[in-house]
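> What shape does this take:
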Amino acid sequence: MKKASMIGIVAGAIVSLFLAGVMAATGGSVSQTQHSADVQGSTWILTTWSDSSPLPDRPITLQIDQSRVSGTSSCNRYTGPVTMGDTEFHVGVVATTQIFCLDTMDAEDIYLHLLSTATNWRTDGADLVLTASDGEVLLRYSA
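Have a look, this model is predicted:
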């Protein structure tokens, strides 16, 4: 057998072993790289947050459209700039309406603080997860 042919066979075997190892480690599927376009255009509903207080009765939502976020923070609507990469997430200064809702103002403050401190995003099944730089899950949404 020629030397070039032998190198091709060995290289193919190495790639096959590598892919077999990846398949075994991931339960048989290789995940695709996530892209910010994958989560844009949907209305995400907050299901959990890292704060110890319970979520308010009124829904908290998030919509991501290109370079903006918007939604309801339980009582008020909010909007602001967002920068997203394949894993990076940063919300700039957020503007809100100024409706006074005595029963949800604390929850609104907590939510907007957590949203502004999120630095990364990922999907987990059908959920959108925003995390801090240390990996702590701050906010989890379902579509």
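> mind listing the helices for the protein?
Using DSSP state H, the helices of the chain run over 3-25, 105-117.
> Would you mark the buried spots in the last one?
Neighbour-count burial for helix 105-117, with 16 or more other C-beta atoms under 10 Å as criterion, is recorded at 105, 107-108, 110-112, 114-115, 117. (Each C-beta comes from the backbone N, C-alpha and C, glycine too.)
> what does stretch 125-140 give?
128-131, 138-140.
> what's the span of that stretch, first residue to last?
For stretch 125-140, the first-to-last residue distance is 11 Å (C-alpha to C-alpha, to the nearest Å).
> hmm, who's touching that stretch?
39, 44, 46-50, 62, 89, 111, 114-115, 117-124, 141-143 (C-beta atoms under 8 Å, 6 or more residues apart in numbering).
> Show me where this protein dips below the pLDDT cut-off.
1-37 (pLDDT under 70).
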